[in-house]
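S.K.: Provided below are the primary sequence and the corresponding predicted coordinates.
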Amino acid sequence: MRALLVAGALGLATVLAAGCAARNESATQRSAGEFTDDAAITAKVKSAIATDVGARTAAAVNVDTYRGTVQLSGFVDDKATAEQAASAAKKVSGVREVKNSLRVKSSS
């Protein structure tokens, strides 16, 4: 009887661990639909930056999107341009959050 209880407990622990692993895996991986949505948001953000700030700046700004959160990176001429780019990104439909990691080029 004791061996049966131990085996049952181990089986339950295995099932629970597998369930937790599956949830953690899905928390870090996107579905095909999410991937497509993020790709569309990235394209719209690049276009919005080109329209609001200029094509030259848009070419220098790297845009990555993950589940609606947009990360901007790269180098721009000044702080105002970095703020304009972030503002343009925030206006895009589907954008939940913008993380502005743009850096201003040094003047030297």
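M.R.: Arrived safely.
S.K.: quick one: strands adjacent to the helix or strand encompassing Asp64?
M.R.: Assigned by DSSP states H and E, Asp64 belongs to strand 61-66. The pairing partners recorded for strand 61-66 under DSSP bridges are strand 69-76 (antiparallel).
S.K.: in the strand it pairs with, what's buried?
M.R.: Val70, Gln71, Leu72, Gly74, Val76 (16 or more other CB atoms under 10 Å). Using the backbone N, CA and C atoms, a C-beta is placed for each residue, glycine as well.
S.K.: need the residues you listed in CSV (columns: pLDDT).
M.R.: Shown next, in CSV, are the buried residues of strand 69-76 (pLDDT from 0 to 100):
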residue, pLDDT
Val70, 98
Gln71, 98
Leu72, 98
Gly74, 97
Val76, 96
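S.K.: contacts for stretch 62-76, please.
M.R.: 30, 34, 37-39, 41-42, 45-46, 49, 57, 60-61, 82, 85-86, 89, 92, 94-105 (CB atoms under 8 Å, 6 or more residues apart in numbering).
S.K.: ok, back up a step: and the strand holding Asp64, how far from the chain's centre?
M.R.: Computed by CA atoms, centre = their mean, to the nearest Å, the chain-centroid distance of strand 61-66 equals 8 Å.
S.K.: what's around Glu34, how many residues?
M.R.: 14 (other CB atoms under 10 Å).
S.K.: now the strand or helix carrying it: buried residues?
M.R.: For Glu34, the element it lies in under DSSP H and E is helix 32-52. For helix 32-52, a neighbour-count test (16+ other CB under 10 Å) marks Asp37, Asp38, Ile41, Thr42, Lys44, Val45, Lys46, Ala48, Ile49, Ala50 as buried.
S.K.: also stretch 72-91?
M.R.: Leu72, Gly74, Val76, Thr81, Ala82, Gln84, Ala85, Ala86, Ala88, Ala89.
S.K.: so Gln71 bridges to which residues?
M.R.: Asp64, Lys99.
S.K.: can I get the buried residues of stretch 72-91 in TSV including distance to Tyr66?
M.R.: Formatted as TSV, these follow (distance: CB to CB, whole Å):
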residue	distance to Tyr66
Leu72	13
Gly74	17
Val76	22
Thr81	24
Ala82	20
Gln84	23
Ala85	18
Ala86	17
Ala88	19
Ala89	14
